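**Student:** Could you work out the structure for the sequence below:
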Amino acid sequence: MRGVLLLGFLAACGENADPPVTPVGMPPPGEPPAHTVGGFTIAVPPEQLAPGAETYPCWVFPLDVTGPSRIVGGAVLRTAPGLHHGNITSRPKTGEGIRHCEAGAGNEGTDVINGGMVLFGSSTQKSGEEWYRFPDGEGYRIQDGFEIVARMHYLNPTDLPLTVSPTYEWFTIDEATLVHELGPFLWMYNKFQIPPRATQTVSADCFLPNDHPSHIVTMLPHMHALGRALTGSYIGGPLDGQRFLDSQGYNPDDGVLVQYEPPVDLTNVDGVRFECTWQNTFDKTIVEGVGDNEMCMVFGYAWPVTKAYTLVAEPSNCIMFPTPPPPS
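**Tutor:** The predicted structure is shown next:
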């Protein structure tokens, strides 16, 4: 009997055990989440863009939620061409009505540090619709007594004038259905240089702190028009070296937002390798920045909310740390 049990154990843990599988990111479903009970919306006032114009309007909106829930299970952006990207956050309330951001209004990081949430990030130069629709039972929490800040970045790459007026809609879900509360994270690579007429890849090996049961649900790469690839792979663990993110980095037609179900599980790995590749078509060096310059970023959501890890990398250095969670 003991031999039979031992053979059964070896079979379960050996050759016949299911091998670990790298999760595949797919575009989220283009529909509201299950168990929707309310939500909120904003419409950014229209702005006309001359050919080649690049602007950075910032607006504040009331956070007027319908329904009993404060858990967001999905959202949708609807926009015409000209939206380079928009970073939509919440922060403690500072006034009434729709208005321009005040001088010295801080940034997305200070909003999160002050208890706010990242409400929406969009693919670069996306037009049409872009959806977040988290897996059933997952969502992030918003707070009463807060307002919405829309930090927009517009760019008209065409030879004709454009009018841009994005709208956003969020869907709250029944809080009784919540299984995993999500927290936001940001990965960024700084201080890179891309030589003229060159293809350049930057890479960082980033190691997680101890006790890191992080599960990534969505990833949104952010590169500009020179971007050719943005990848993420495991360091250590049963899937060592395998990629969980393999993105073009820039795709204004279809967007680059992906969702994972099952999630990317970082519990039993040592860290992640984060890489960006560009093809510089200019006769000048490209650096981190706006205009013709480039970026290497990933925004996403993960659970548990206290284990959503932000990553800051530069040549020969990388640190990872938990994103400050919202107040309970």
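**Student:** residues contacting the closest residue in space to Leu311 that isn't next to it in sequence?
**Tutor:** Of all residues not flanking Leu311 in the chain, Trp187 sits nearest, at 4.0 Å (CB to CB, 6 or more residues apart in numbering). Quick note: C-beta positions are derived from backbone N, CA and C, even for glycine. Applying CB atoms under 8 Å, 6 or more residues apart in numbering, we find Trp187 in contact with Gly232, Phe274, Met297, Val298, Phe299, Gly300, Thr310, Leu311, Ala313.
**Student:** measure the nearest residue to Gln200 once chain neighbours are set aside to Pro252 for me?
**Tutor:** In this structure, Gln200 finds its nearest non-sequential neighbour in Ile194, 4.3 Å apart by CB to CB, 6+ apart. Using CB to CB, to the nearest Å, we find Ile194 at a distance of 20 Å from Pro252.
**Student:** can you list the weak-confidence ranges in this structure?
**Tutor:** Along the chain, segments meeting pLDDT under 70 span 1-19, 326-328.
**Student:** again, only this time at 90
**Tutor:** 1-24, 103-106, 109, 113, 209-212, 291, 316, 323-328 (pLDDT under 90).
**Student:** returning to what we had before: the residue nearest to Leu311 sits in which helix or strand?
**Tutor:** Using DSSP states H and E, Trp187 maps to strand 183-189.
**Student:** if we can go back for a sec, distance check, the residue nearest to Leu311 against Arg91.
**Tutor:** On the measure of CB to CB, Trp187 and Arg91 end up 22 Å apart.
**Student:** Same check on Phe171?
**Tutor:** Counting by CB to CB, the gap from Phe171 to Arg91 is 21 Å.
**Student:** residue ranges of the helices in the chain, please?
**Tutor:** 2-13, 108-113 (DSSP state H).
**Student:** Now for Asn210, how many residues are close by?
**Tutor:** 4 (other CB atoms under 10 Å).
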